[in-house]
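Chemist: let's see this in three dimensions:
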Amino acid sequence: MKKNIPSVVIPVRYMKYILALALFASAALRAAELPANITRLIPKGYEVLSYAVGQLNDNNLQDYLVVIHHPVDTRQQPSPRPLFIFIQNPDGTLSLAARNDTLVMRADDGGQCDPFTDSGDNGLAIKDRYFTVQHSVACGQHWTDYITFHYDAKRHDWLFHKEIVQSWHLNFDPKGDALELDPVHVTKANSKHPITFEAWRRDQ
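Modeler: Okay, here's the model as predicted:
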């Protein structure tokens, strides 16, 4: 016999506290998964937003990309989102190798959506000394912005590789797809004028 389970109604005035606790617990879990060598270097007033693990240079050791932000980070109160590169040393410790404070988009840079946290992934990807910061919006507007860097062994630094921007618009033709892809815009690195990860700025 099916039992009627009473529903629990949470007053609206308590929802903000529940949401804050959930966000705090999520941030604490992410931070707990990172090596203490990294968490000790997070500036006061910041917490971990996202991270990825992989090989970022040529020493065959596991390195970390870490995005941090303020605990309050909304479209109404957007936080800076610095991106750190932590490199593993032969003794197992990790060192901060590079930082960029503007590469990761803020919560209010995507219109109705957060272009970094709403991307459907953790916003970061690492593969064979290349890494990509992934932005994506699919509410109101529809677009993606993927920015890739690679490790240059001669310079012992990370250089801009390319940026791929795609957007879609509504297609009112009933015989076509609901969204139609606009021309893809690709910006490739200029080998004569390389741009380091730390020096890269949007629209430069």
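Chemist: any regions of the protein where pLDDT drops low?
Modeler: Within the chain, the segments meeting pLDDT under 70 span 1-32, 119-121, 170-179, 204.
Chemist: what are the ranges of the helices in it?
Modeler: 12-33, 36-39 (DSSP state H).
Chemist: identify each buried residue in the last one, please.
Modeler: For helix 36-39, the neighbour count (16 or more other CB atoms under 10 Å) marks Asn37, Ile38 as buried. Where you see a C-beta, it was placed from the backbone N, CA and C, and this is true even at glycine.
Chemist: which residues sit against it?
Modeler: Ala31, Val48, Tyr64, Val66, Phe86, Thr93, Leu94 (CB atoms under 8 Å, 6 or more residues apart in numbering).
Chemist: how does it look with 10 Å?
Modeler: 30-33, 47-48, 51, 64, 66, 84, 86, 88-89, 92-96 (CB atoms under 10 Å, 6 or more residues apart in numbering).
Chemist: so what's the spatially most central residue of the chain closest to, chain neighbours aside?
Modeler: For the chain, the residue nearest the mean C-alpha position is Gly123 (3.7 Å; CA atoms, centre = their mean). Using CB to CB, 6 or more residues apart in numbering and skipping the chain neighbours, the partner closest in space to Gly123 is Phe116 (4.7 Å).
Chemist: my guess is that neighbour meets Ser50, correct?
Modeler: Yes. With contacts counted by CB atoms under 10 Å, Phe116 reaches Ser50, the gap being 7.5 Å.
Chemist: counting by contacts, list what the longest strand along the chain packs against.
Modeler: As assigned by DSSP state E, the longest strand anywhere in the chain is strand 157-170. Applying 3 or more CB pairs under 10 Å, 6 or more residues apart in numbering; DSSP states H and E, we find strand 157-170 packed against strand 94-100, strand 130-139, strand 141-152, strand 179-181, strand 185-188.
Chemist: got the buried residues for it?
Modeler: Neighbour-count burial for strand 157-170 [16+ other CB under 10 Å]: Asp157, Trp158, Leu159, Phe160, His161, Glu163, Val165, Gln166, Ser167, Trp168.
Chemist: got these as JSON lines, with distance to Asn190 columns?
Modeler: Formatted as JSON lines, the buried residues of strand 157-170 follow (distance: CB to CB, whole Å):
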{"residue": "Asp157", "distance to Asn190": "16"}
{"residue": "Trp158", "distance to Asn190": "16"}
{"residue": "Leu159", "distance to Asn190": "10"}
{"residue": "Phe160", "distance to Asn190": "9"}
{"residue": "His161", "distance to Asn190": "11"}
{"residue": "Glu163", "distance to Asn190": "12"}
{"residue": "Val165", "distance to Asn190": "17"}
{"residue": "Gln166", "distance to Asn190": "22"}
{"residue": "Ser167", "distance to Asn190": "24"}
{"residue": "Trp168", "distance to Asn190": "28"}
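Chemist: for those, which one is nearest Gln76?
Modeler: Using CB to CB, Ser167 is the member of the buried residues of strand 157-170 that sits closest to Gln76, with 25.2 Å.
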